[in-house]
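**Q** Quick one: sequence plus predicted model below, questions after.
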Amino acid sequence: MTELLDDRPYHHGNLRAALLEAAEASLAEHGADGISLRDLAREIGVSHGAPRRHFPDRQALLDALAISGFVRLDEQIRQAIDAVAADFPSRLHAVARAYTRFATENAALLELMYSSKHRPGAEGIVEASEAAFRMVFDLLKQGQDEGALGGEDPTETCMVLFATLQGIATMTNAGFVPGEQLEALTDTAVTQFLRGARP
């Protein structure tokens, strides 16, 4: 078996992207503990040493996966904001739907993103996470400036909103909320949030 692996090509058209894609699929199926650089190399058909060109160890791969997750979340939130009218309620509903959709379609990835963010030395992950959350923070600040939201601290308001959305996503992932009800429940939660957060 070792000889077969050694005969595999070292180079790959886009090895880094292929490794991240395979790692994300493995993460969803086996969890973070089930990810192995050697297994991923075998799966995509390269020598067992090839992944180390991009990821010196397993932790580096997991960190890169978490960063790519935050980049995707950032893109989806941006697209959601750009696709609706500029008024605050429309944007907030769009952002909430984008978040709960991402959180339910990428449950294992999101868990890795959040857990990795708090690991010592994870500055790159923290930086990647700030872009998406900064957009939501700025959106809530817009709501305060327009008089749609009360409170003096947008950070606290942001935490309440995310806790609500993450709760909905967690209940959906656990099967307590049918997937087809996700968007309607998210909209209801945002409507109630807006009603309760008025000054």
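**A** Cool, the structure landed.

**Q** Secondary structure element holding the nearest residue to residue 119 once chain neighbours are set aside?
**A** Computed as Cβ to Cβ, 6 or more residues apart in numbering, the closest residue to residue 119 that is not its neighbour in sequence is residue 125, at 7.7 Å. Just so you know, the C-beta spots here come from the backbone N, C-alpha and C atoms, and that holds for glycine as well. For residue 125, the element it lies in under DSSP states H and E is helix 123-145.

**Q** Show residues contacting the helix or strand immediately after that helix in the chain.
**A** Using DSSP H and E, the helix or strand that follows helix 123-145 in sequence is helix 154-173. Contacts with helix 154-173, where a contact means Cβ atoms under 8 Å, 6 or more residues apart in numbering, come from 96, 99-100, 103-104, 107, 110, 133, 136-137, 140-141, 144, 149, 151, 177-179, 182, 185-186, 189, 193, 197.

**Q** go on, stretch 183-191?
**A** 89, 92-93, 96-97, 100-101, 164-165, 168, 177.

**Q** From these, list the buried ones, please.
**A** 92-93, 96-97, 100-101, 164-165, 168, 177 (16 or more other Cβ atoms under 10 Å).

**Q** Mind checking which of those residues land in strands?
**A** Assigned to strands by DSSP state E, none of the buried ones among the contacts of stretch 183-191 qualify.

**Q** May I ask which two of those residues are separated the most?
**A** 92 and 177 (20.2 Å; Cβ to Cβ).

**Q** Point out where the chain drops to low pLDDT.
**A** Within the chain, the stretches with pLDDT under 70 are 1-13.

**Q** Tell me where it has helices.
**A** 2-6, 15-30, 37-44, 58-82, 88-105, 107-117, 123-145, 154-173, 182-196 (DSSP state H).

**Q** Name all residues that make contact with residue 73.
**A** Contacts of residue 73 (Cβ under 8 Å, 6+ apart): 99, 102, 113, 132.
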